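Chemist: Coordinates only, no sequence provided:
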């Protein structure tokens with residue numbers, strides 16, 4: 001029979017490993033840097049990004065490789081402040097906790113709701129696209145075969161839902177294998193194309209910083225920032241890693257560095273595959289065909305079949321990673337009493353937020369059923385959900401950057417001025433520029449009529465407003481729950 005941990009205070013045994021003294025229920029795990037790194041990198045679905053998004057970036061200019069390098073630097077600056085917060089505030093909750101500490105309880109709860117909405121739309125898009133990917137896989141092997149996308153989405157989602165119930169280290173092992181295989185596949189593609197040089201021969205023009213300064217620089221940076229989502233999820237696993245004060249910063253910076261190098265080199269290879277002078281026009285004509293055309297030309301039809309398999313596993317890994325993140329945000333809100341207390345229970349054997357995982361899965365299943373009943377076209381549903389998630393993450397990063405700046409101005413710290421002010425300010429300016437560009441170019445994120453675009457754009461802001469309103473209501477009617485917002489003890 002399943003056992004559940006009794007309500008108890010956690011004794012402080014090791015200040016490195018046990019820092020959250022206020023949690024009624026504490027998640028357990030012993031992930032190291034590699035496990036945590038692979039877990040959060042799987043969220044980004046690197047193969048899916050290279051296959052489906054890098055070509056979209058190229059359509060806005062040839063300077064994509066250098067743009068990825070610039071964005072990696074920007075994200076590293078954000079990570080400096082972000083990891084400083086993990087050290088200064090040794091409690092779980094990530095964005096939820098940090099925004100609360102910097103901007104107060106109402107905004108903190110608003111930020112937590114924004115995180116739920118952002119990751120929720122992200123996993124929804126992933127569930128839908130996984131069904132599309134399985135259909136494409138069947139077509140690659142069996143020819144003109146058409147099956148309902150939602151059947152495969154249900155299967156993929158169900159497996160991820162089951163895995164999310166158990167200890168995060170089980171998920172980490174699965175994700176590590178999948179990620180290693182997809183990264184190897186892309187690395188082989190990159191190496192072959194770069195050595196071959198493509199139809200026009202080797203060229204280093206894509207690395208020229210001058211190519212960034214085009215009328216489309218805002219959109220180019222916007223889409224480059226968007227594919228870095230995931231590195232920030234390291235902090236949500238605070239209770240489930242060894243020596244969090246070391247493991248979390250290390251995994252965060254490694255994730256940023258890996259994504260920057262991986263995407264920059266892959267973009268360079270994709271540009272060479274079409275020819276430096278022809279890449280932008282080829283991407284504008286049909287971005288979805290750029291990678292498949294390169295695979296057929298340089299590797300043959302069999303490579304397309306292999307990539308079709310790996311895309312399925314890549315999107316599955318991303319969905320599993322996202323469900324784990326949502327479960328932990330739900331668990332944190334339940335511990336604070338915002339969500340039903342029953343969801344805060346930790347599994348006695350697995351140390352996982354099993355009830356929160358079941359609840360998150362049930363909500364996602366309901367959302368999937370609604371999408372199926374609505375009869376919406378799969379690609380349109382995927383694009384709409386991904387667009388909201390994309391925009392919501394930019395807003396969440398901006399909000400967190402402001403919280404970091406305010407927190408460190410109010411609280412003395414031995415950490416450097418550069419890490420606690422200069423780096424977060426530069427990151428805020430860069431990400432804020434991307435957010436502003438997205439606000440005025442929402443039609444690039446989601447295809448639809450103006451009313452749909454407006455509604456989708458308002459969803460992230462509405463989630464913040466709901467969280468703030470709930471916090472203010474709690475302040476009047478339930479002071480104890482209000483006090484605990486942000487996993488706080490004061």
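Modeler: Perfect, thanks for sending it. For clarity, every value in this text was computed on a predicted model and none was experimentally measured. Numbering: from 1, shown residues only.
Chemist: What's the local residue count around residue 365?
Modeler: Residues lying near residue 365 (other C-beta atoms under 10 Å) number 15. Every C-beta, even on glycine, is put in place using the N, C-alpha and C of the backbone.
Chemist: Please disregard the earlier target; I meant residue 202.
Modeler: 11.
Chemist: Wait, a helix at it?
Modeler: No: applying DSSP: H, G, I helix; E, B strand; the rest coil, one finds residue 202 to be coil, outside a helix.
Chemist: That one contacts residue 272, correct?
Modeler: Yes: applying C-beta atoms under 8 Å, one finds residue 202 in contact with residue 272, separated by 7.3 Å.
Chemist: Show residues contacting stretch 187-200.
Modeler: Under the criterion C-beta atoms under 8 Å, 6 or more residues apart in numbering, residues 202-203, 265-266, 268-278, 294-295, 298-299 lie in contact with stretch 187-200.
Chemist: Just the buried ones from those residues?
Modeler: 203, 265-266, 268-276, 294-295, 299 (16 or more other C-beta atoms under 10 Å).
Chemist: Closest one to residue 307 out of those residues, please.
Modeler: Closest approach between the buried ones among the contacts of stretch 187-200 and residue 307, by C-beta to C-beta: residue 295, at 6.2 Å.
Chemist: ok, and the closest non-adjacent residue to that closest one?
Modeler: Distance criterion C-beta to C-beta, 6 or more residues apart in numbering; nearest residue to residue 295, sequence neighbours excluded, is residue 303 at 4.5 Å.
Chemist: any idea how far the host helix or strand of the one you found is from the chain center?
Modeler: Here residue 303 sits within helix 301-335, counting by DSSP states H and E. From the chain centre to the centre of helix 301-335 is a distance of 10 Å (C-alpha atoms, centre = their mean, to the nearest Å).
Chemist: quick one: average pLDDT of that helix?
Modeler: Averaging pLDDT along helix 301-335 yields 91.
Chemist: Stretch 108-116 now?
Modeler: Here the average pLDDT along stretch 108-116 is 95.
Chemist: Also stretch 395-410?
Modeler: Computed over stretch 395-410, the average pLDDT equals 95.
Chemist: which residues are in contact with it?
Modeler: Outside stretch 395-410, the residues that touch it by C-beta under 8 Å, 6+ apart are 78, 81-82, 84-85, 88-89, 95, 98-99, 101-103, 107, 111, 114-115, 118, 232, 415, 420-421, 424-425, 427-428, 431-432, 435, 460-461, 464.
Chemist: coming back round to it: need the residues that contact the next helix or strand along the chain from the helix holding residue 303.
Modeler: For helix 301-335, the following helix or strand on the C-terminal side (DSSP H and E) is helix 354-374. Around helix 354-374, the neighbours that count as contacts under C-beta under 8 Å, 6+ apart are 120, 123-124, 127-128, 150, 153-154, 157, 161, 164-166, 323-324, 326-328, 330-331, 334, 342-347, 381.
Chemist: in stretch 26-44, what's buried?
Modeler: 26-29, 31-33, 35-44.
Chemist: Need the contact partners of the helix or strand of the chain with the lowest mean pLDDT.
Modeler: Every helix and strand in the chain was compared by mean pLDDT, DSSP states H and E; the lowest is helix 217-226, with a mean of 83. For helix 217-226, the external contacting residues (C-beta under 8 Å, 6+ apart) are 53, 56-57, 60-61, 63-64, 67-68, 70-71, 74-75, 212, 214, 263, 390, 393-394, 430-431, 433-434, 437-438, 441, 444.
Chemist: Same check on stretch 287-298?
Modeler: Contacts of stretch 287-298 (C-beta under 8 Å, 6+ apart): 50-52, 54-56, 58-59, 189, 192-193, 196, 270, 273-274, 282-283, 303-304, 307.
Chemist: Which members of the residues you listed are classed as buried?
Modeler: 50-52, 54-56, 58-59, 189, 193, 270, 273-274, 282-283, 303-304, 307.
Chemist: Inside helices: which ones of these?
Modeler: Members of the buried ones among the contacts of stretch 287-298 lying in helices (criterion: DSSP state H): 50-52, 54-56, 58, 189, 193, 270, 273-274, 282-283, 303-304, 307.
Chemist: Against residue 324, how distant is residue 300?
Modeler: Noted for residue 300: a distance of 37 Å to residue 324, by C-beta to C-beta, to the nearest Å.
Chemist: Looking at these two, which is more packed in?
Modeler: Higher neighbour count among residue 300 and residue 324: residue 324, with 29 against 10, using other C-beta under 10 Å.
Chemist: Provide a ChimeraX selection command restricted to the buried entries of the contacts of helix 217-226.
Modeler: Buried residues among those (16+ other C-beta under 10 Å), as a ChimeraX selection:
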select :53,56,57,60,61,63,64,67,68,70,71,74,75,212,263,390,393,394,430,431,433,434,437,438,444
